[in-house]
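Student: please work out how this folds:
(chains A, B, C and D)
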There are 2 protein chains.
Amino acid sequence: MSVTPVWPDELFTDLDRTGPVPLYYQVSSRLEQAIRSGTIPTGSRLENEISIGERLGLSRPTVRRAIQELVDKGLLVRRRGIGTQVVQGQVSRPVELTSLYEDLKHGHHEPSTEVLSYEVIPAPEEVAEKLSVAVGSDVLRIRRLRGTDGVPVAILENYLPKEFTDIIEADLKSKGLYQLLRARGVTIRIANQSISARRATADEADLLGESRGGPLLTMERIAFDDSGRAIEYGHHCYRPELYRFETTLVAK
Amino acid sequence: MSVTPVWPDELFTDLDRTGPVPLYYQVSSRLEQAIRSGTIPTGSRLENEISIGERLGLSRPTVRRAIQELVDKGLLVRRRGIGTQVVQGQVSRPVELTSLYEDLKHGHHEPSTEVLSYEVIPAPEEVAEKLSVAVGSDVLRIRRLRGTDGVPVAILENYLPKEFTDIIEADLKSKGLYQLLRARGVTIRIANQSISARRATADEADLLGESRGGPLLTMERIAFDDSGRAIEYGHHCYRPELYRFETTLVAK
DNA sequence: GAGTGGTCTAGACCACGGC
DNA sequence: CCGTGGTCTAGACCACTCT
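Tutor: You can find the predicted model right below:
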């Protein structure tokens, strides 16, 4: 029974079966759009998976996969014997594998970057260990001051293996580090992050316009490419009034 | 060709096809165990999905799903045309949807809890909004001091709707909040978290044994149950030398 | 060309929740 | 009891990478 609420049929009329975009992705992204825009209201129930498949001309596994994507994002909830519901009242905003630059850009702010230093140095023990290179071998060290709308937000300190020394210093002013790596054919696949806090040093406080000894939000990250090779080790600190890490967690 | 490294056949000999545990889960958890223990070395390649399926007597989708679980956890990397590899050299430790109590317990520490206050109060505006209840309606407020091995680590402040006032104050000393909610039949499914930092107040500094005005790591969380209803709003602060949030991010 | 993962189909049976 | 999602099968075709 149940007055299964439906969406306008037009939402899914023109699925492209020839192009490179997977069907499940076309369905899930349009569904997500419809939910976020309110076209499908929060709390409403979806039809069962088989009916949806029939209406869209898709098999059940394909429909399931589309739905699963949104369950993983925290937009839908499935309960056996009950059905699938749009989660009530919240916007979910996951921590994503992007750099701060892209975070800010998507947030409709104007990011700015000042390159504080750009140099090749012998790897200190800590950095060598994180990047899995020999202590004392050449590594590229980049230190940047990142701001938004003219206000300093974060100090970014990054270390990369020496073959990346051809990253142009000038490019760092207008592009994110990950963007430059992608342009070089390097895709960051996995990152281990550790978030904590500490006091600002005098140097950091001056750069960020904070009081000396004031609290800073810190993030350490080691990023790996497809093959599991360590590409970047970063140690960043943020002004806590201006930045925070937001996550949506979904229990399995 | 490739010298496809294999695992000992014994690893997967006794799959249980009758019990309630899904086959893909049996495979992925044993595979994970084998990787974490080093039985399958980092960097090694797995056989292709079809061969694995034949060896285990499973269909390809089932094998794929098992592997996908570990890809999502950041233990394996798949590349089209190449194969599946164990990621090199790292332990991944995701932020999970558990409470601090369970985090500490799994970390082989002895967690302790002191209930600082336990009271029903009229909901302040901020709390009412987060829990989607009327301003001034009754909410349960719990404030706890969490320590490990006798050292204070965090101050946990939680708000719950009034129907949870039957959570026994005494139970909070020995059990986590989520554990108590589960025992009441409430499953936390989705949580929105926001991590940042700020100065400690005098009160907080005294409780945590920190210097006044020192940095604190903070986490705000709203947790929802299956139906999307807000169950808990929490505002926690941690001593940054003793606690941090670790995540493994995997690009899709 | 050979081998790999990425996607998709059309069924099947089961477990769980509500009636 | 019925309807739901959860799992599983046995195929198929395609895109990509390496040789």
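
Student: near chain B at all, stretch A:58-78?
Tutor: Yes. Under the criterion of C-beta under 8 Å from any C-beta of the partner chain, chain B is reached by stretch A:58-78 at A:61, A:74, A:77. The C-beta positions use only the backbone N, C-alpha and C, and glycine is treated the same way.

Student: nearest to DNA strand D, of those residues?
Tutor: residue A:61 (5.6 Å; C-beta to the nearest atom of the strand).

Student: how about the contacts made by the closest one?
Tutor: residue B:61 (C-beta atoms under 8 Å, 6 or more residues apart in numbering or on different chains).

Student: helix, strand or coil for it?
Tutor: helix (DSSP: H, G, I helix; E, B strand; the rest coil).

Student: for the nearest residue to residue A:145 once chain neighbours are set aside, give me its contacts.
Tutor: Among residues not flanking residue A:145 along the chain, residue A:114 sits closest, at 4.4 Å (C-beta to C-beta, 6 or more residues apart in numbering or on different chains). Listed by C-beta under 8 Å, 6+ apart, the contact set of residue A:114 reads A:144-145, A:147, A:173.

Student: got phi/psi on residue A:114?
Tutor: phi -120, psi 130 (degrees, to the nearest 10).

Student: report the separation between it and DNA strand D.
Tutor: 36 Å (C-beta to the nearest atom of the strand, to the nearest Å).

Student: give me the number of residues near the one residue in the stretch 51-200 of chain A that gets nearest to DNA strand C?
Tutor: Here the stretch 51-200 of chain A gets closest to DNA strand C at one residue, residue A:81, 2.4 Å apart by C-beta to the nearest atom of the strand. Residue A:81 has 4 neighbouring residues, counting by other C-beta atoms under 10 Å in any protein chain shown.

Student: if we can go back for a sec, now, among the contacts of residue A:114, which is nearest to residue B:85?
Tutor: residue A:144 (32.5 Å; C-beta to C-beta).

Student: element containing the closest one, please.
Tutor: strand A:138-148 (DSSP states H and E).

Student: and that strand, what does it pack against?
Tutor: Contacts defined by 3 or more C-beta pairs under 8 Å, 6 or more residues apart in numbering or on different chains; DSSP states H and E place strand A:138-148 against helix A:100-106, strand A:111-122, helix A:125-131, strand A:151-161.

Student: poorly predicted segments of chain A, please.
Tutor: By pLDDT under 70, the low-scoring segments of chain A are A:1-6, A:8-11, A:89-108.

Student: spell out which residues of it are next to DNA strand C.
Tutor: A:22-25, A:57-62, A:65, A:79-82 (C-beta under 7 Å from any atom of the strand).

Student: state the phi and psi torsions of the residue of the stretch 101-250 of chain A found nearest DNA strand C.
Tutor: Going by C-beta to the nearest atom of the strand, DNA strand C is nearest to residue A:226 of the stretch 101-250 of chain A, at 10.9 Å. Dihedral angles of residue A:226 (phi, psi; degrees, to the nearest 10) stand at phi -50, psi -40.

Student: chain A: helices as residue ranges?
Tutor: Counting by DSSP state H, the segments of chain A that form helices are A:23-36, A:49-56, A:60-72, A:100-106, A:125-131, A:177-183, A:202-208.

Student: nearest to DNA strand D, of these?
Tutor: Nearest of the helices of chain A (C-beta to the nearest atom of the strand): helix A:49-56, 4.2 Å.

Student: list the buried residues for that closest one?
Tutor: Neighbour counts over helix A:49-56 (16 or more other C-beta atoms under 10 Å in any protein chain shown) mark A:49, A:52-53, A:56 as buried.

Student: got it, and stretch A:20-34?
Tutor: A:23-24, A:26-28, A:30-32, A:34.

Student: most widely separated two among those?
Tutor: A:23 and A:34 (16.6 Å).

Student: do I have it right that residue A:178 meets residue A:188?
Tutor: Yes. Residue A:178 is in contact with residue A:188 according to C-beta atoms under 8 Å; the separation is 5.8 Å.

Student: just checking, residue A:56 touches residue A:13?
Tutor: No. Applying C-beta under 8 Å, one finds residue A:56 not in contact with residue A:13, separated by 9.2 Å.

Student: what's around residue A:66, how many residues?
Tutor: Around residue A:66 there are 25 residues (other C-beta under 10 Å).

Student: show me what contacts it?
Tutor: By C-beta under 8 Å, 6+ apart, the neighbours of residue A:66 are A:23-25, A:27-28, A:31.

Student: residue A:211 now?
Tutor: A:200, A:205.

Student: again with residue A:207
Tutor: Per C-beta under 8 Å, 6+ apart, neighbours of residue A:207: A:116, A:145, A:152, A:155.

Student: residue A:234: neighbour count?
Tutor: Neighbours around residue A:234, by other C-beta under 10 Å: 21.

Student: measure it to residue A:158 for me?
Tutor: Applying C-beta to C-beta, to the nearest Å, the value for residue A:234 to residue A:158 is 5 Å.

Student: and stretch A:162-177, C-alpha only, in PDB?
Tutor: Taking Å, rounded to 0.1, in the frame of the first residue of the first chain, the C-alpha atoms of stretch A:162-177 are listed here in PDB:
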ATOM      1  CA  LYS A 162      62.700  15.900  -5.200                       C
ATOM      2  CA  GLU A 163      61.300  15.000  -8.600                       C
ATOM      3  CA  PHE A 164      58.500  17.500  -8.100                       C
ATOM      4  CA  THR A 165      60.900  20.400  -7.900                       C
ATOM      5  CA  ASP A 166      59.700  21.400 -11.400                       C
ATOM      6  CA  ILE A 167      56.400  22.600  -9.900                       C
ATOM      7  CA  ILE A 168      56.600  26.200 -10.700                       C
ATOM      8  CA  GLU A 169      56.600  28.500  -7.800                       C
ATOM      9  CA  ALA A 170      54.500  31.100  -9.600                       C
ATOM     10  CA  ASP A 171      51.700  28.600 -10.300                       C
ATOM     11  CA  LEU A 172      51.200  28.100  -6.600                       C
ATOM     12  CA  LYS A 173      49.800  31.600  -6.400                       C
ATOM     13  CA  SER A 174      46.800  30.800  -8.500                       C
ATOM     14  CA  LYS A 175      46.400  27.000  -8.200                       C
ATOM     15  CA  GLY A 176      46.100  24.400  -5.600                       C
ATOM     16  CA  LEU A 177      48.900  21.900  -5.000                       C
END
